[in-house]
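Novice: How does the following fold in three dimensions:
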Amino acid sequence: MRTKKFNSSSMYNFYTPGNRESRMTAFAEKLINTRIGSLKESLSDFAGSDHKLEQIATLSGITFINDARATNPNAVWFSLSSMTKSTAWIMSINDVAQIDENLLKEIKRVVKTIILCGVYNREVSEFFTQMEFKVHLAMNIEEATKTAYYSSVPGQVVLFSPGNSSVVSLETYREKGEKFRIAVAQL
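Specialist: Got it, this is the predicted structure:
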């Protein structure tokens, strides 16, 4: 196997002292944009499949989207960035530290109501309440779905995008997604 020789003069051009800071800034910006772009591309492969941004029903003008595959904050970020309508978000993120600046930006952009489902952290509830979101608490997916439906108006979206894989309930994202489908069918 042949290896390509590295031209030391081309390396010197990259590290030229005069432009080092501007080049490093451009390089860092390119890395960030590549990360965001590749993340969106990777996650978009799942769109339209079971439990990933799956539109399951529209009732009284309210659209229900099953995104049970969103088992981490990055996946929720992608899902929320895909929303174009006012959203009631059913979630179960239980640590404020998981909500980074990018996720918070998308939450502020599109989410109007938050339904914390299952075992939750009081700190998460207070975090969103202090930001003047409508926050509801629900013990299970069925209760969360009803709460989201009755707190929404025609034209809004109810997005079930949990944001974590709860070890406590030992349910897979498939089981959670099926429970959400059943809860919507029972409305």
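Novice: got the buried residues for stretch 77-84?
Specialist: 77-83 (16 or more other Cβ atoms under 10 Å). For every residue, glycine as well, the C-beta is placed using N, CA and C.
Novice: do the same with stretch 104-116
Specialist: 106-107, 110-116.
Novice: what do you get for stretch 156-168?
Specialist: Going by 16+ other Cβ under 10 Å, stretch 156-168 has these buried residues: 156-166.
Novice: among the residues you listed, which two are most distant?
Specialist: Across the buried residues of stretch 156-168, the longest distance by Cβ to Cβ is 26.6 Å; it joins Gln156 and Ser165.
Novice: What segments of the protein are helices?
Specialist: 8-14, 20-44, 73-82, 101-110, 122-130, 141-150, 173-185 (DSSP state H).
Novice: excluding its backbone neighbours, what's nearest the most centrally placed residue in the chain?
Specialist: Closest to where the C-alpha atoms of the chain average out (Cα atoms, centre = their mean) is Val76, at 1.0 Å. Of all residues not flanking Val76 in the chain, Gly163 sits nearest, at 4.4 Å (Cβ to Cβ, 6 or more residues apart in numbering).
Novice: Could you export the buried residues of stretch 104-116 as CSV, including distance to Ala183 and pLDDT?
Specialist: Output for the buried residues of stretch 104-116, formatted as CSV (distance: Cβ to Cβ, whole Å; pLDDT from 0 to 100):
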residue, distance to Ala183, pLDDT
Glu106, 24, 95
Ile107, 23, 96
Val110, 22, 96
Val111, 20, 97
Lys112, 20, 96
Thr113, 16, 97
Ile114, 17, 97
Ile115, 12, 96
Leu116, 16, 94
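Novice: pLDDT wise, what is Arg35 at?
Specialist: According to the prediction, Arg35 has pLDDT 53.
Novice: Could you do Arg122 as well?
Specialist: pLDDT, Arg122: 85.
Novice: can you list the domains in this protein?
Specialist: 9-44, 54-185 (automatic domain parsing).
Novice: lowest average confidence, helix or strand, in the chain?
Specialist: helix 8-14 (a mean of 43; mean pLDDT, DSSP states H and E).
Novice: ok, so what distance separates Pro162 from Gln98?
Specialist: According to Cβ to Cβ, to the nearest Å, Pro162 and Gln98 sit 12 Å apart.
Novice: In contact with Ile182: list those residues for me.
Specialist: By Cβ atoms under 8 Å, 6 or more residues apart in numbering, Ile182 lies in contact with Glu142.
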